[in-house]
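>>> model this:
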Amino acid sequence: MTDAEESSAAARGSRRRERTRAALIDAAEALMSQRAPEEIRIEDVAARAGISPASVYVHFGTKDGLLAAVTERVLGVATEALRSAYAADTTPLERFAGVGVAYLRLLLDHPVVVKYLTATGERGPATAVEVEVVERFGELRREFEQSIRDAVDDDGIRRVDPELLSFFLFGAWNGVAALALRRDALVLPPERVEAAVIEAGLVLLEGLIVDGAPRG
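Sure, this is the predicted structure:
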């Protein structure tokens, strides 16, 4: 085999490994949004991904390694999405609204976030990974608080307590998004969750916007 052929074969192998790894993380994330970590079995993840259980050990070593990889990816996605919204080159009012849209999209696309935050809120973080999740979302909540403060200082919205409003909205978004995970008569499909939050958000903004402030 020539050097070029060996390089091409190595590249194909690398891409195949990355696809397998991504499929396992996708499968594990889906299961983590439905079950507690201790209820998830390697065999269930492998079956959902259509891959042999042995591949999980090859790529992640242990179940904990796989679950940690899911958390790492979700935290990365959350941080990138929300900090992009925080850094948007718009007015403080538009930035404040944009962060809300970005956070809702994150919760709907990655319901495991809701599951994590609900579990840690009820019993407290039980592992180093859960501690990291809480700390990271604490940072993001504080950045959201700052976006509210900026909108207040810019006279874009009425004088409110940025900390209290950030906690209220953080709790409201998580609570409504959790309705999509219910398995009873109170379940609300994701598209209806999105519609509910958008409608409530418009009402909230109408009450917050100072008369005469730009509305985008």
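>>> okay, now the domains of the chain?
For the chain, automatic domain parsing gives the domain ranges 1-61, 71-216.
>>> okay, those domains, which one's buried deepest?
For the domains of the chain, the largest average neighbour count (mean count of other CB atoms under 10 Å) is found in domain 71-216, namely a mean of 16. For the C-beta atoms, the positions are set from N, CA and C on the backbone; glycine is no exception.
>>> do a quick rundown of the helices in this protein.
For the chain, the helices defined by DSSP state H occupy 3-32, 42-49, 53-60, 63-86, 92-109, 112-123, 128-153, 162-178, 190-208.
>>> contact partners of stretch 85-105?
81-82, 84, 143-144, 146-148, 150-151, 153-154, 156-157, 169, 173, 177, 193-194, 197, 201, 205, 209, 213-216 (CB atoms under 8 Å, 6 or more residues apart in numbering).
>>> one more: stretch 178-194?
Ser33, Gln34, Leu104, Leu108, Pro111, Val114, Lys115, Thr118, Val176, Ala177, Ala196.
>>> okay if I get those residues as CSV plus pLDDT?
Below are the contacts of stretch 178-194 laid out as CSV (pLDDT from 0 to 100):
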residue, pLDDT
Ser33, 88
Gln34, 85
Leu104, 88
Leu108, 90
Pro111, 90
Val114, 89
Lys115, 85
Thr118, 85
Val176, 92
Ala177, 92
Ala196, 92
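>>> can you lay out those as CSV showing distance to Leu75?
Compiled in CSV, the contacts of stretch 178-194 are given as follows (distance: CB to CB, whole Å):
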residue, distance to Leu75
Ser33, 15
Gln34, 20
Leu104, 18
Leu108, 17
Pro111, 15
Val114, 14
Lys115, 14
Thr118, 17
Val176, 22
Ala177, 17
Ala196, 26
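>>> which members of those are the farthest-apart pair?
The largest separation in the contacts of stretch 178-194, counting by CB to CB, is between Gln34 and Ala196 at 21.8 Å.
>>> mind exporting stretch 23-43 as PDB, just the C-alpha atoms?
Provided in PDB are the C-alpha atoms of stretch 23-43 (Å, rounded to 0.1, in the frame of the first residue of the first chain):
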ATOM      1  CA  ALA A  23     -24.000   8.300  17.200                       C
ATOM      2  CA  LEU A  24     -23.400   6.900  20.700                       C
ATOM      3  CA  ILE A  25     -23.400  10.400  22.200                       C
ATOM      4  CA  ASP A  26     -26.700  11.200  20.400                       C
ATOM      5  CA  ALA A  27     -28.300   7.900  21.700                       C
ATOM      6  CA  ALA A  28     -27.100   8.500  25.200                       C
ATOM      7  CA  GLU A  29     -28.300  12.100  25.200                       C
ATOM      8  CA  ALA A  30     -31.800  11.000  24.100                       C
ATOM      9  CA  LEU A  31     -31.900   8.400  26.900                       C
ATOM     10  CA  MET A  32     -30.600  10.800  29.500                       C
ATOM     11  CA  SER A  33     -33.600  13.100  28.700                       C
ATOM     12  CA  GLN A  34     -35.900  10.300  29.600                       C
ATOM     13  CA  ARG A  35     -34.200   8.400  32.400                       C
ATOM     14  CA  ALA A  36     -32.000   8.900  35.500                       C
ATOM     15  CA  PRO A  37     -28.300   8.100  34.700                       C
ATOM     16  CA  GLU A  38     -28.400   5.000  36.900                       C
ATOM     17  CA  GLU A  39     -31.200   3.600  34.800                       C
ATOM     18  CA  ILE A  40     -29.300   3.800  31.600                       C
ATOM     19  CA  ARG A  41     -27.600   0.700  30.400                       C
ATOM     20  CA  ILE A  42     -24.800   0.400  27.900                       C
ATOM     21  CA  GLU A  43     -26.900  -2.100  26.000                       C
END
